[in-house]
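# Whatever this is, show me its structure:
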Amino acid sequence: MTFEQAEKALPIKGYLDLPIPEGIDLVAEIKRLKEEKNAIILAHYYQTGDIQDIADFLGDSLQLAREAQNTDADMILFCGVHFMAEAAKILNPTKKVLLPDLLAGCSLADACSGEGLRELRAKHPGSVVVTYINCDAGTKAESDYIVTSSNAEHIINQIPEDKTIIFAPDKNLGAYLMKQTGRDMILWDGVCIVHEAFSFERIAQQLMENPDAKLIAHPESDATILEMAEFVGSTSRLLDYVEHDEAQKFIVATEEGIIHEMEKRAPHKTLIPAFPEDETCSCSECFFMKRNTMVKLYIALKYEHPEIEMDEELRQQALIPIQRMLDMSKKIK
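Purely as a prediction, here's the structure:
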């Protein structure tokens, strides 16, 4: 297949389906290309271990947004999902932003739209829209504040109490934030298919079989899971908790990719992926996050494609609530 043919197939394939040299040392070649092109590799904790290991910077959504905005590299290769790479382009438009697979999407991003938010806001005059960063640029552009799981509580607490808040798109995270902040919010009806899949019954059984383990969970999980958990926190806070808490065993209710970094930080501790409803699988992983592979990463760097491109007017509109988030959460690590 030629480059032109592979490019035409992008809407279906999501990546350039081109051959690579037989016996190639992918790690060495990616490092060479990265230096040659002055590129930086940003990766989320939910990526596969080999991608996490080769990244220049590994982080959660807030940390990655900051790094994307501040980098002086000419090219950003974003190993995450589409809305993350799109956010990098919004924050740093002069950089070439690559995503190894354009079909690395997000169930939450698909569950909400800018048009839908406009309609909901019209039903609640004077309300403000707080939107989780897991959304596309069109949705961000219709928002007043963008938040991550790391800073959502901090930002909501800064919004005047006389303002009605619409929270989108994750209803589980929204319900958790209502409990934490005491604010009554209008919740969009969306969920993360990964965090929603955890089984109360199967995790309860895991806890019975591991009485010395602590259950930790991401706030995108269902309330029944969060109520069982010893600790609830963002991706970065879950990592810190495992590293510094005195417990030696944890049942981890979030995307299983995080365990790779947890094992690095706390190699002497036992980490058990929480069980999902599907009994044919012992772990819970994001299909979209795992679309990125080392081969796709190499091809994207070599051909500088697929590239994230965006209408400038839309970018500027979406930048406003993202920048507001960054300005309001400077104290958050």
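# residue ranges with poor pLDDT in the stretch 101-250 of the chain?
Judged against pLDDT under 70, the stretch 101-250 of the chain has no low-scoring part.
# residue boundaries of the helices in it?
Using DSSP state H, counting those that start in this stretch, the helices of the stretch 101-250 of the chain run over residues 107-110, 114-122, 137-141, 152-156, 171-181, 200-209, 223-228, 235-244.
# With just CA atoms, put the shortest one into CSV.
So the one you mean is helix 107-110. The C-alpha coordinates for helix 107-110 follow below in CSV (Å, rounded to 0.1, in the frame of the first residue of the first chain):
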residue,chain,number,x,y,z
SER,A,107,-17.5,6.9,25.1
LEU,A,108,-17.9,10.1,27.2
ALA,A,109,-16.9,12.4,24.3
ASP,A,110,-19.4,10.6,22.1
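# what residues does that helix touch?
81-83, 132, 134-136, 139, 169-170, 190-194, 288 (Cβ atoms under 8 Å, 6 or more residues apart in numbering). Where you see a C-beta, it was placed from the backbone N, CA and C, and this is true even at glycine.
# cool, and the last one?
Helix 235-244 has contacts (Cβ under 8 Å, 6+ apart) with 45-46, 59-63, 149-150, 216, 218, 231, 233, 250, 252, 254, 258, 261-262, 265-266, 269, 271, 333.
# got the contact list for the residue most central in space within the chain?
Nearest to the mean C-alpha position of the chain, counting by Cα atoms, centre = their mean, stands S61 at 5.3 Å. Listed by Cβ under 8 Å, 6+ apart, the contact partners of S61 are H44, M84, A87, I133, N134, T148, S149, S150, T235.
# Could you list every helix and strand that the helix or strand hosting E86 packs against?
For E86, the element it lies in under DSSP states H and E is helix 82-91. Under the contact definition 3 or more Cβ pairs under 8 Å, 6 or more residues apart in numbering; DSSP states H and E, helix 82-91 sits against helix 61-70, strand 75-79, strand 96-98, helix 137-141, helix 312-328.
# 10 Å instead?
If you count contacts as 3 or more Cβ pairs under 10 Å, 6 or more residues apart in numbering; DSSP states H and E, helix 82-91 packs onto strand 39-44, helix 61-70, strand 75-79, strand 96-98, helix 107-110, helix 137-141, helix 312-328.
# Please tabulate those in CSV, including the columns distance to H305.
CSV is the format used below for these (distance: least, Cβ to Cβ, whole Å):
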stretch, distance to H305
strand 39-44, 13
helix 61-70, 19
strand 75-79, 11
strand 96-98, 7
helix 107-110, 22
helix 137-141, 20
helix 312-328, 20
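# between the ones you listed, which gets nearest to N210?
Nearest to N210 among the helices and strands packed on helix 82-91 is strand 39-44 (27.6 Å), distances taken as Cβ to Cβ.
# what about the closest one, distance to the chain center?
Relative to its chain's centre, strand 39-44 lies at 13 Å (Cα atoms, centre = their mean, to the nearest Å).
# ok, now stretch 213-224?
Centre to centre, stretch against its chain (Cα atoms, centre = their mean), the figure for stretch 213-224 is 17 Å.
# how about D60, what does it touch?
44-46, 133, 148-150, 234-239, 258 (Cβ atoms under 10 Å, 6 or more residues apart in numbering).
# quick one: contacts for the closest residue to I156 other than its chain neighbours?
Leaving aside its sequence neighbours, I156 sits nearest to T181 (Cβ to Cβ, 6 or more residues apart in numbering; 5.0 Å). Contacts of T181 were listed using Cβ under 10 Å, 6+ apart, and they are A152, E153, H154, I155, I156, N157, I159, E161, I165.
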